[in-house]
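# Next come a sequence and a model predicted from it.
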Amino acid sequence: MELRTLRYLVAIADAGTMTAAAQLLHVSQPALSRQIMDLEEELHTTIFDRSGRVISLTSSGTYLVNRARQILALT
């Protein structure tokens, strides 16, 4: 897990959509989506509930985003 991935995670949670987060981060949406899928695979958990264009955090995702914010604040 890299700090860049944690930044991506927080940006998606704040933006509400992958597309909006990708624009804010200046990365392509498919690359951003792939990073999150890789993170979910690494952690063996679902971070986002994907229903159409809007995504929402799962309970595991909420926990992870809160921890990611703490880690990023420390760096």
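Nice, I can see it.
# gap between the two ends of stretch 45-54?
One end of stretch 45-54 to the other measures 19 Å (C-alpha to C-alpha, to the nearest Å).
# in that stretch, what counts as buried?
47, 48 (16 or more other C-beta atoms under 10 Å). C-beta: built from backbone N, CA, C; applies to glycine.
# Just the buried positions in the helix or strand residue 13 falls within, please.
Counting by DSSP states H and E, the element that carries residue 13 is helix 3-15. For helix 3-15, burial by neighbour count (16+ other C-beta under 10 Å) applies to 5, 6, 8, 9, 10, 11, 12, 13, 15.
# before we move on, what about stretch 30-41?
Judged by neighbour count using 16+ other C-beta under 10 Å, the buried positions of stretch 30-41 are 32, 33, 35, 36, 39, 40.
# ok, now which ones touch the spatially most central residue of the chain?
Centroid check for the chain by C-alpha atoms, centre = their mean gives residue 9 as the closest residue, at 2.3 Å. Contacts for residue 9 (C-beta atoms under 8 Å, 6 or more residues apart in numbering) come out as 36, 39, 47, 64, 65, 68.
# The last one belongs to a strand, doesn't it?
No. Applying DSSP: H, G, I helix; E, B strand; the rest coil, one finds residue 68 to be helix, outside a strand.
# How confident is the prediction for the nearest residue to it once chain neighbours are set aside, by pLDDT?
Leaving aside its sequence neighbours, residue 68 sits nearest to residue 6 (C-beta to C-beta, 6 or more residues apart in numbering; 4.1 Å). Listed pLDDT for residue 6 reads 95.
# ok, residue 6 to residue 36 distance?
As judged by C-beta to C-beta, to the nearest Å, residue 6 and residue 36 stand 11 Å apart.
# which neighbours do the two share?
Jointly contacting residue 6 and residue 36 under the rule C-beta under 8 Å, 6+ apart is no residue at all.
# Can you verify residue 50 is assigned to a strand?
Yes. Secondary structure of residue 50 (three-state DSSP): part of a strand.
# ok, now which ones touch residue 17?
Going by C-beta under 8 Å, 6+ apart, residue 17 touches 53, 54, 55.
# could you check the distance from it over to residue 2?
Look at residue 17 and residue 2: by C-beta to C-beta, they are 22 Å apart.
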